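**Q** Got a sequence here, can you build the structure:
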Amino acid sequence: MATLVIMPQKWPSRLIASSLPKHRLNSISASIKNNSKSEVRKEDIVIVGAGIAGLATAVALQRMGIGSLVVEQAESLRTGGTSLTFSKNGWKILDAIGVGSELRPQFLQIQGIVMKSEDGRELRSFNFKDEDQTQEMRAVERRILLETLANQLPTNAISFSSKLKNIEITDNNETVLKLEDDSHISAKIVIACDGIRSPVAKWMGFSEPRYVGYCAIRGLGSYPNGKQFDPKVTYIYGRGVRAAYVPVSPTKVYWFVCFNSPSPGPKITDPSILREEAVKLVKNWPKELLNVIESTPDDTIIRTPLVDRWLWPGLSPPPSKGNVVLVGDAWHPMTPNLGQGACCALEDAVVLARKVAQSLKFGNLTVEDAFRSYADERWQRIFPLTARANLAGGLLQMDNSAVCSFRNNILVPKLIRLGPMLEHTNFDFEPLNFDSV
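**A** Residues are numbered from 1 along each chain as shown. The predicted structure is shown next:
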């Protein structure tokens with residue numbers, strides 16, 4: 001008989017950060033064991049993927065009084081990576097799902113933007129509050145965000161070591177998930193938050209995300225004794241190469257270097273090679289950037305080919321098939337040029353949670369109608385953001401000397417305005433409570 005075995009253990013010590021407030025970390029280490037392959041475990045809602053989109057969706061549903069099971073292929077939370085920048089739309093949603101007040105004290109509030117050329121010349125600077133008193137921006141460590149979201153869920157809400165093998169829709173309109181260990185889960189609703197290379201999206205007919213022509217090396221500089229940085233995002237522009245760094249906390253600084261490449265190239269995970277490549281790309285750039293790169297622990301340096309998927313109306317498949325729906329990068333991977341990938345995943349989570357509540361708790365919609373409503377509402381925001389992020393990145397990555405001269409001497413110093421730059425951070429949504437459904 002298939003059973004859910006709860007492993008009564010604490011988080012692996014490598015997942016616990018000394019910088020976290022002293023609160024209890026839930027023991028969430030459930031795994032599905034197949035004792036009898038003829039049994040099918042039944043669940044109302046299964047979320048595939050315990051990344052930001054999956055955990056945020058589970059927490060948003062919980063705020064609406066709806067439980068779910070999150071299945072994750074890894075053995076524990078995948079807390080690698082660097083940080084994510086959240087603007088005011090992201091913070092509004094983090095507040096709505098109940099984690100904003102816990103996260104804020106751990107991260108510095110970013111007050112503006114500084115733009116420089118590769119020789120260190122300042123091209124332009126902005127203070128957010130001069131344009132929008134409601135603007136809020138902080139860079140958040142991915143590890144701490146995931147742990148904070150996971151801690152909002154019951155101890156048996158996440159099943160690790162549960163890799164999806166295939167998916168089928170039965171005659172009675174239930175979805176059966178077959179896992180790699182040959183156990184089965186039958187779900188009334190499946191929410192796929194399984195990332196950029198989503199197998200569920202492929203099953204639904206989506207094409208692979210498209211490589212956009214440049215890669216990013218990223219890291220998280222560490223200053224155990226603290227180091228004073230201006231609370232601003234510093235962007236530096238070169239020819240076919242750009243970089244940025246932003247303080248995350250008094251001891252951490254996030255940075256990236258984007259560079260043109262005709263192909264994604266081989267996968268490189270050796271941090272010494274990645275650091276050397278990053279330093280070589282910006283070797284004559286401002287010393288503060290080079291210092292941040294050199295101060296980065298090996299385990300935070302990653303290289304990523306950047307991709308996106310444009311959801312062309314009438315050409316792209318819908319994000320749902322029967323009672324299966326896509327959320328976040330699984331549906332709409334976008335380049336990070338607007339800093340909106342994670343914010344949009346959070347937006348998806350709260351919008352979908354309300355639609356699901358309308359269907360399951362109040363019967364206002366069928367599940368299929370709820371998913372169509374979610375798709376209609378989200379597409380009109382996602383498509384232009386994906387296109388805008390792509391076009392912004394393409395402009396900033398140009399290596400033509402005349403274009404770069406125009407950018408550095410006319411476009412940035414004289415034409416760019418902060419208001420249009422931040423317009424995409426405006427997002428309103430209905431609160432996550434029963435009265436508003």
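**Q** could you show me where the strands are in the stretch 1-150 of the chain, in order?
**A** Using DSSP state E, counting those that start in this stretch, the strands of the stretch 1-150 of the chain run over residues 3-6, 30-33, 41-48, 69-71, 83-86, 112-117, 122-127, 138-141.
**Q** The second one - what's its average pLDDT?
**A** Looking back up the chat, that one is strand 30-33. The average pLDDT within strand 30-33 is 38.
**Q** For Ser207, give me its contacts.
**A** Arg309 (C-beta atoms under 8 Å, 6 or more residues apart in numbering). Where C-beta positions appear, they are placed from N, C-alpha and C, glycine not excepted.
**Q** Also Pro264?
**A** 211, 215, 305.
**Q** Kindly recompute the last result at 6 Å.
**A** For Pro264, the contacting residues are 211, 305, by C-beta atoms under 6 Å, 6 or more residues apart in numbering.
**Q** ok so, going back, now render the strands of the stretch 1-150 of the chain as JSON lines, adding distance to Ser162 and mean neighbour count.
**A** Below are those laid out as JSON lines (distance: least, C-beta to C-beta, whole Å; neighbours: other C-beta atoms under 10 Å):
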{"stretch": "strand 3-6", "distance to Ser162": "10", "mean neighbour count": "14"}
{"stretch": "strand 30-33", "distance to Ser162": "6", "mean neighbour count": "19"}
{"stretch": "strand 41-48", "distance to Ser162": "9", "mean neighbour count": "21"}
{"stretch": "strand 69-71", "distance to Ser162": "4", "mean neighbour count": "25"}
{"stretch": "strand 83-86", "distance to Ser162": "25", "mean neighbour count": "24"}
{"stretch": "strand 112-117", "distance to Ser162": "42", "mean neighbour count": "20"}
{"stretch": "strand 122-127", "distance to Ser162": "45", "mean neighbour count": "16"}
{"stretch": "strand 138-141", "distance to Ser162": "25", "mean neighbour count": "24"}
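**Q** To Gly221, which of those strands lies closest?
**A** Nearest to Gly221, of all the strands of the stretch 1-150 of the chain, is strand 83-86, at 10.6 Å by C-beta to C-beta.
**Q** what distance separates the closest one from the middle of the whole chain?
**A** Centre-to-centre, strand 83-86 and its host chain are 8 Å apart (C-alpha atoms, centre = their mean, to the nearest Å).
**Q** Can you tell me how far the nearest residue to Thr134 once chain neighbours are set aside is from Pro286?
**A** Counting by C-beta to C-beta, 6 or more residues apart in numbering, Thr134 lies nearest to Lys88, which is 6.0 Å off, once chain neighbours are set aside. Shown here: Lys88 relative to Pro286, a distance of 29 Å by C-beta to C-beta, to the nearest Å.
**Q** Also Gln62?
**A** Here the criterion is C-beta to C-beta. By it, Gln62 lies 45 Å from Pro286.
**Q** Over to Ser373?
**A** Separation of Ser373 from Pro286 (C-beta to C-beta) stands at 49 Å.
**Q** cool, Pro384 as well?
**A** Taking C-beta to C-beta as the measure, Pro384 falls 34 Å from Pro286.
**Q** Tell me which of those two has more neighbours.
**A** Comparing Pro384 with Pro286 by other C-beta atoms under 10 Å, the one with more neighbours is Pro286, at 19 against 11.
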